[in-house]
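# With the input below, show me the fold.
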Amino acid sequence: MCFSAEASFGASAAILTIGVLSMGKSRTVAQRVFSCIPIIFSVQQFTEGVLWSSLTHPGMTAWVNISTYTFLLFAQVVWPVIIPLSIRLLENQAGRQKILDIILIIGVLVSAFLGYILLTGRVQSSISCHHIEYDVNYPKWLTNLSIFYFITTVISPIISSIKKVRLLGLVILISYLFTRLFYDQYLISVWCYFAALISIVILSVIVELNRPNLQAGIKRFAIRRASGGAS
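As a prediction, this is how the structure comes out:
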C-alpha cells in the first residue's frame, strides 16, 4: 500500500475480511487455494504497514529489515507460484491445463531465482513522495527477464476457461499497466494498492463457481417439500 501505515493496516483488515468470506464459501481444495490469495494479500499489506511504522518511528528501526524482506518475499517469491498454481487447480480443460503446467514451472523458476537474489543481494526500503521505494539492487540484465514474472502473475488468469477468472486477469493487467505508467519507480508497492479490487473479483469467482450447487440444493429442497406436501 502506498500512502501510510494506517492505509496499509486498514486495507489489510478489509482484504482479510474478503478472504475469510471467500474461504467460507469455498467447497473444494482448489477453491480454498484460490481463496488464499486475498488472505496472502492481507498479510502482505499488514507487513507493509509494519514497515511504514518502522520507517517513521525511531523506536521501531529494528523492524525495518524484517518487514522489508517479508514484504518482498510475498511480492517476488510467493506470487509467481501461488497465482498459476491456484488457477491450474481450478482448470478442467486439458489443453489449458498443459499450458498452465508450463507457466507454473516458469513461476517456480522465477520464484527460486528472485528468492536467491533477495537473499544474496543488497535490499533497502525508504519513504519517497508518500510511497515506499524498494531497492533490491537487481542486475540490470534482470529487467529483460521481468516478462516471465508478468506471464506467471498476469497471463495465467487470462488463459483460464472460467470467465470470471479471465476477468481477474484483466483486472490485474489494468492494475499493472496503470502502476507501470504512473508509478513505475514504486511499482512493487503501489501495484498492491489494487489488492482489494482483485480480492473482490476472487470472491465473485468463488460465488459463481458454487452457484450451480446452490441452485441444485434449492431445487432438491423444493422437491422434498412438494413430496411431503403431497403425502
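# pLDDT weak spots in this structure?
Along the chain, the model assigns pLDDT under 70 to residues 1-3, 129-130, 143, 179-193, 212-231.
# can you map out the strands along it?
For the chain, the strands defined by DSSP state E cover 124-128, 131-135.
# Determine the angle, from 0 to 180 degrees, between the last one and strand 124-128.
Per axes from the mean of the first three to the mean of the last three CA atoms, to 10 degrees, the angle that strand 131-135 makes with strand 124-128 is 150 degrees.
# Show me what counts as buried in strand 131-135.
Buried residues in strand 131-135, counted by 16 or more other CB atoms under 10 Å: 131-132, 134. Using the backbone N, CA and C atoms, a C-beta is placed for each residue, glycine as well.
# which one among the residues you listed gets closest to Ser160?
Tyr134 (29.8 Å; CB to CB).
# Pull up the gap between the residue positioned nearest the centre of the chain and Phe9, please.
Residue closest to the average C-alpha location in the chain (CA atoms, centre = their mean): Ile37, at 4.7 Å. From Ile37 over to Phe9 the distance is 19 Å, taken as CB to CB, to the nearest Å.
# now the buried residues of strand 131-135 in JSON lines, with distance to Leu89?
Shown next, in JSON lines, are the buried residues of strand 131-135 (distance: CB to CB, whole Å):
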{"residue": "His131", "distance to Leu89": "34"}
{"residue": "Ile132", "distance to Leu89": "32"}
{"residue": "Tyr134", "distance to Leu89": "30"}
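# Put the alpha carbons of stretch 41-54 into PDB.
Output of stretch 41-54 as PDB, limited to C-alpha atoms (Å, rounded to 0.1, in the frame of the first residue of the first chain):
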ATOM      1  CA  PHE A  41      -2.600 -10.100   0.200                       C
ATOM      2  CA  SER A  42      -3.800  -9.100   3.600                       C
ATOM      3  CA  VAL A  43      -0.700 -10.400   5.300                       C
ATOM      4  CA  GLN A  44       1.500  -8.600   2.800                       C
ATOM      5  CA  GLN A  45      -0.300  -5.300   3.400                       C
ATOM      6  CA  PHE A  46      -0.100  -5.800   7.100                       C
ATOM      7  CA  THR A  47       3.700  -6.300   6.700                       C
ATOM      8  CA  GLU A  48       4.000  -3.100   4.700                       C
ATOM      9  CA  GLY A  49       2.000  -1.300   7.500                       C
ATOM     10  CA  VAL A  50       4.700  -2.500   9.900                       C
ATOM     11  CA  LEU A  51       7.400  -1.300   7.500                       C
ATOM     12  CA  TRP A  52       5.700   2.200   7.300                       C
ATOM     13  CA  SER A  53       5.700   2.300  11.100                       C
ATOM     14  CA  SER A  54       9.300   1.200  11.400                       C
END
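# Neighbours of Ile40, how many?
Using other CB atoms under 10 Å, Ile40 is surrounded by 18 other residues.
# surely Ile206 meets Val33?
No. Using CB atoms under 8 Å as the test, Ile206 is too far from Val33 to be in contact (11.2 Å).
# between those two, which one's more packed in?
More crowded of Ile206 and Val33, by other CB under 10 Å: Ile206, with 22 against 17.
# For that one, which residues are in contact?
Residues near Ile206 by CB atoms under 8 Å, 6 or more residues apart in numbering: 22, 25-26, 31, 34-35.
# same thing with Gln93?
Going by CB under 8 Å, 6+ apart, the list of residues near Gln93 reads Ser161.
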